[in-house]
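Enquirer: The following comprises the amino acid sequence and a computationally predicted model.
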Protein chains: 2
Amino acid sequence: MKVAKFGGSSVASAEMLKKVANIIKADETRKFIVVSAPGKRFEDDHKVTDLFIQLLKQFKDGVDYQDTLNKVVNRFRMITEELLLPNDIPNDLKNKIEKLFSMKKSDEQLVDELKSFGEDTLARILSDYLSELGIQSTYRNPKEAGIIVSDDYGNAVILDEAYEQIHQLRNERGVIVIPGFFGYTKNGQLRTFPRGGSDITGSIIAAGVEADLYENFTDVSSVYCVNPKLVPQPKEITMLTYKEMRELSYSGFSVFHDEALIPAFKKKIPVVVKNTNQPDLPGTMIKAEKEDFSKPVVGIASDEGFSSIYVRKYLMNRELGFGLRLLKILVDENISFEHAPSGIDDMSVIVRSHQLTKEKEQKVLKRIQSELNVDTISIQHNLAMIMLVGEGMSQRINVAAKATKAIAEATTNIEMINQGSSEVSMMFGIESEKLQQTVQSLYREFFE
Amino acid sequence: MKVAKFGGSSVASAEMLKKVANIIKADETRKFIVVSAPGKRFEDDHKVTDLFIQLLKQFKDGVDYQDTLNKVVNRFRMITEELLLPNDIPNDLKNKIEKLFSMKKSDEQLVDELKSFGEDTLARILSDYLSELGIQSTYRNPKEAGIIVSDDYGNAVILDEAYEQIHQLRNERGVIVIPGFFGYTKNGQLRTFPRGGSDITGSIIAAGVEADLYENFTDVSSVYCVNPKLVPQPKEITMLTYKEMRELSYSGFSVFHDEALIPAFKKKIPVVVKNTNQPDLPGTMIKAEKEDFSKPVVGIASDEGFSSIYVRKYLMNRELGFGLRLLKILVDENISFEHAPSGIDDMSVIVRSHQLTKEKEQKVLKRIQSELNVDTISIQHNLAMIMLVGEGMSQRINVAAKATKAIAEATTNIEMINQGSSEVSMMFGIESEKLQQTVQSLYREFFE
């Protein structure tokens, strides 16, 4: 039994929904279908969710919103017409929006309810379309499905008690279509999930029904082993583990939002990333346990925009709690640190540069200088981090040697090495301007 | 103008004092001589300071201490007799000890005063001997020399105001012999320095008189680039910087106690380690600034007895202050950490194992588990750390690649790499049992 989630670009048009229907038809075990709201059909297109946000702003500003309302409704009407379905659902959407605007709801409640209409309308249309095609299909509102969430507007969290009810969905007949992105509180109030909301719903359903597989359909065929902006046409990853995916997500590299998959991970349900346009390609499989240990490195993540605060103090290592006091100053100033490599008498703290305004930087350096009475303090900007990711990597004797050789071959100086916290990754800090050539050299070493 | 300090083994016998006198005679700029108490003459010999400690114990226990007293006095008498000096000074020592025991002094005061007699008596003898040889020489008690210290028994610290008076010593004629290891409070009370006390006195005098060189005479010809217990007959270091020496001292590797050289360092006075038995060898020079950059690595320090506490928590890097709270638990339990490498979702903390009793280990692990709600926690013992030391090393592109290759050639897995806090060192954590073969492999790579 599989849960298949289709993202915004996969449901952006009638043409795409035909592909979705074919995918569902092709595999009888695809029982639970979770959908996003229609995304962009072309570069400059609007996502339906963005239109809802525009609509809401116009309504609240008291300006005429009819044009925008029609735009939204017409997006859905185009779909139903092209799919030769009646226009009841789009018409109904228009009424629901007008009704919502006429009710005295709090701003937050209004936002959450309005935003949910995109996924909800699409789910209704898809279910009807599947029925038209002769596939037994039922639309299930998240309330009926049992998606019971916390009371946080726009940031809802699934409650543990929800899973029991969701589990009951297994007993229903045919295909069940569920809109992603939202759930209901115990009091029956609608609440949306944070970013990546449809991924979250899919993951929750997969966990609840204890699916054999959670298929995540998007517009990419698989996850690349390295950022294609740095290495043209890199190899695709066929299989990786949850931990590896999480480390790769360091660079905004992943196709998922980090938290989205937690429910599925907890139940050890495998996840596969597939392309709606090429559903026969294997995609990238994400599993709990490593199976293929033949290659130590599965991917190279990288990111820019780091700064390193360096302090030196003679006999630092005799001072119990020195490192602690240094880090506390940063946390006091609401700066989270990424890494803190330390020598005998010195310590560096790597932070994301966006946290440091000129003013804050001065303040932090001054505090460290005066409160810790250090001998030397300096700050280096424009650092990039490269992370080699591969579970079990640290047990492979040659990885560090190969990596440092590849970095040296790119004539890049290593500003920082951070390894040893886990078996999953090894991190190198370098100057940003050397990032591309260094990543390319590492790619040649580990993937060619 | 030079300050020469002679350690315990360099002044252990009349024969050694003759060598010391020759060294002083050979260079007119050796104006300030600082001496330790006589050390061991042979393997099973007693250091004079140890005899004093035994003597004090017997006195306090109320048992007969005459034998021990005679032993101490005879050590000095043997020296004066062999140097053909009168026995006034040893006889005087006996009277001073008896007088001290008859006075009602606090235990702490008694310890400090008694222990100072070793250095003091030797300084008096050496000065007389130099005079006999026709070298103009004066014994200067630390009080007259201006060594004004804090009021901490056995752990005195020089006061800043002392340096002005010490500076005046420049104007005195001839050789000045000063006993190491102790100074006087502003109220004229005698206080001893902590371990390495004669090195401290030498360093203070060198700083005070602004010497051109601080010569530290011991029984080794120079500092080895690696522990000779791990690599037989390793190369000697001819030159290193203060920072490099400090990093090398990580492993108890250095000939100095860390703090001893601070006064000289602050004034940027070069220090040379020389062998009293082979004074013509160049020894090892320690300077403020690096001069020879031809070799990136000057030494390999290593040490055993480390443990690594590993924690993993999904989405750890989203929790502001997670690392801080982890380290705080350790500091709460009075455990100082050496290093804390961190990944995305995991973090290791390296500590010296001797800080962890079985009970404390359990307590710390339990606190981390419950207070930080981590997914995984484990602890690894029997780790060794290897540190490559060389100022400017991190600017050398090949060092990491060469080091990791050498470690891989020793079939050693790297448990941790810590680099990037400074330009001075790069550290590798490995399993203790692989220490010797790994250090040997690194030695071959960087020194052969």
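Expert: Cool, the structure landed.
Enquirer: Going by C-alpha atoms from here, please, whenever you check contacts or count neighbours.
Expert: OK.
Enquirer: Can you name the residue of the stretch 151-300 of chain A nearest chain B?
Expert: A:Glu247 (6.2 Å; CA to the nearest CA).
Enquirer: need the contact list for that residue.
Expert: A:Ala301, A:Val389, A:Val424, A:Ser425, B:Ile344, B:Asp345 (CA atoms under 8 Å, 6 or more residues apart in numbering or on different chains).
Enquirer: Three-state assignment for the closest residue to the third one other than its chain neighbours, please.
Expert: Taking CA to CA, 6 or more residues apart in numbering or on different chains as the measure, A:Val424 lies nearest to A:Glu391, with 4.2 Å between them; neighbours along the chain are not counted. Following DSSP: H, G, I helix; E, B strand; the rest coil, A:Glu391 is assigned to coil.
Enquirer: that older thread, and the gap between the residue of the stretch 151-300 of chain A closest to chain B and B:Thr121?
Expert: With distances taken as CA to CA, to the nearest Å, A:Glu247 is found 66 Å from B:Thr121.
Enquirer: Check A:Pro38 too.
Expert: 94 Å.
Enquirer: So those two - more neighbours on which side?
Expert: Relative neighbour count places A:Pro38 above the other of A:Pro38 and B:Thr121, with 26 against 21, counting by other CA atoms under 10 Å in any protein chain shown.
Enquirer: A:Ala14 is in contact with that one, correct?
Expert: No - the criterion here is CA atoms under 8 Å, and A:Pro38 misses it with A:Ala14 at 10.0 Å.
Enquirer: Does the residue nearest to A:Val424 touch A:Met245 like I think?
Expert: No - the pair A:Glu391 / A:Met245 is not scored as a contact, 10.1 Å apart, by CA under 8 Å.
Enquirer: Pull the number of nearby residues for A:His381.
Expert: The number of residues packed near A:His381 is 16, by other CA under 10 Å.
Enquirer: ugh, typo on my part, it should be A:Gly208
Expert: Neighbour tally, A:Gly208, other CA under 10 Å: 24.
Enquirer: Let me see the contact set for it.
Expert: A:Tyr163, A:Glu164, A:Gln165, A:Ile166, A:His167.
Enquirer: In helices only, show me the residues you listed.
Expert: Within the contacts of A:Gly208, residues falling in helices by DSSP state H are A:Tyr163, A:Glu164, A:Gln165, A:Ile166, A:His167.
Enquirer: which of the residues you listed count as buried?
Expert: Buried members of those, scored by 16 or more other CA atoms under 10 Å in any protein chain shown, are A:Tyr163, A:Gln165, A:Ile166, A:His167.
Enquirer: In CSV: those residues, plus distance to A:Thr438 and pLDDT.
Expert: Shown next, in CSV, are those (distance: CA to CA, whole Å; pLDDT from 0 to 100):
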residue, distance to A:Thr438, pLDDT
A:Tyr163, 46, 97
A:Gln165, 51, 95
A:Ile166, 48, 97
A:His167, 48, 97
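Enquirer: so which of these comes closest to B:Ala4?
Expert: Nearest to B:Ala4, judged by CA to CA, of these is A:Tyr163 at 79.2 Å.
Enquirer: where does A:Val374 fall, helix, sheet strand or coil?
Expert: The three-state label given to A:Val374 by three-state DSSP is coil.
Enquirer: I figured it hits A:Lys313, correct?
Expert: Yes - between A:Val374 and A:Lys313 there is a contact at 4.9 Å, judged by CA under 8 Å.
Enquirer: Mind checking what secondary structure the spatially closest residue to A:Gly392 that is not a sequence neighbour has?
Expert: The spatial neighbour of A:Gly392 that comes closest, neighbours along the chain excluded (CA to CA, 6+ apart), is A:Glu423 at 5.1 Å. Under the three-state scheme (three-state DSSP), A:Glu423 adopts coil.
Enquirer: Please tell me how far A:Glu423 sits from A:Thr238.
Expert: Taking CA to CA, one finds A:Glu423 at 20 Å from A:Thr238.
Enquirer: A:Lys434 now?
Expert: For A:Lys434, the distance to A:Thr238 equals 29 Å [CA to CA].
Enquirer: any chance of the contacts of A:Gly208 in a markdown table, plus distance to chain B?
Expert: Output for those, formatted as a markdown table (distance: CA to the nearest CA, whole Å):
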| residue | distance to chain B |
| --- | --- |
| A:Tyr163 | 21 |
| A:Glu164 | 24 |
| A:Gln165 | 26 |
| A:Ile166 | 24 |
| A:His167 | 25 |
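Enquirer: closest to A:Asp332 among the residues you listed?
Expert: Nearest to A:Asp332 among those: A:Tyr163, at 38.9 Å, using CA to CA.
Enquirer: quick one: contacts for the closest one?
Expert: A:Tyr163 makes contacts with A:Gly146, A:Ile147, A:Ile204, A:Ala207, A:Gly208, A:Val209, as judged by CA under 8 Å, 6+ apart.
Enquirer: what's the nearest residue to the last one if we skip its chain neighbours?
Expert: Excluding the flanking residues, the one nearest A:Val209 by CA to CA, 6+ apart is A:His167, at 4.5 Å.
Enquirer: That neighbour contacts A:Ala211, doesn't it?
Expert: No - taking contacts as CA under 8 Å, A:His167 lies outside contact range of A:Ala211: 9.9 Å.
Enquirer: how much space between A:Phe182 and A:Leu190?
Expert: 7 Å.
Enquirer: neighbour-wise, which of the two wins?
Expert: More crowded of A:Phe182 and A:Leu190, by other CA under 10 Å: A:Phe182, with 32 against 24.
Enquirer: Not counting sequence-adjacent ones, nearest residue to the more buried one?
Expert: Using CA to CA, 6+ apart, the closest residue to A:Phe182 is A:Thr192 (4.1 Å).
Enquirer: Look at A:Leu327 and give its secondary structure.
Expert: Classification of A:Leu327 using three-state DSSP returns helix.
Enquirer: In contact with it, which residues?
Expert: Contacts of A:Leu327 (CA under 8 Å, 6+ apart): A:Phe337, B:Leu324.
Enquirer: which outside residues touch the helix or strand hosting A:Gln437?
Expert: Assigned by DSSP states H and E, A:Gln437 belongs to helix A:435-447. By CA under 8 Å, 6+ apart, the surrounding residues in contact with helix A:435-447 are A:226, A:230-231, A:235, A:297, A:300, A:384, A:386, A:402-403, A:406-407, A:409-410, A:412.
Enquirer: Let's see which of the residues you listed end up in strands.
Expert: Within the contacts of helix A:435-447, membership in strands is found for A:Ile300, A:Ala384, A:Ile386, as judged by DSSP state E.
Enquirer: Same list, the residues you listed, but as a markdown table with distance to A:Asp88 please.
Expert: Formatted as a markdown table, the ones in strands among the contacts of helix A:435-447 follow (distance: CA to CA, whole Å):
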| residue | distance to A:Asp88 |
| --- | --- |
| A:Ile300 | 49 |
| A:Ala384 | 53 |
| A:Ile386 | 52 |
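Enquirer: how about the nearest residue to A:Thr185, chain neighbours excluded?
Expert: A:Val149 is the one closest to A:Thr185 (CA to CA, 6+ apart), at 5.0 Å.
Enquirer: measure that neighbour to A:Asp303 for me?
Expert: 34 Å.
Enquirer: So if I had to pick from the two, which one is more boxed in?
Expert: A:Val149 (27 against 18).
Enquirer: Kindly state the beta-bridge partners for that one.
Expert: A:Ile158 (DSSP bridges).
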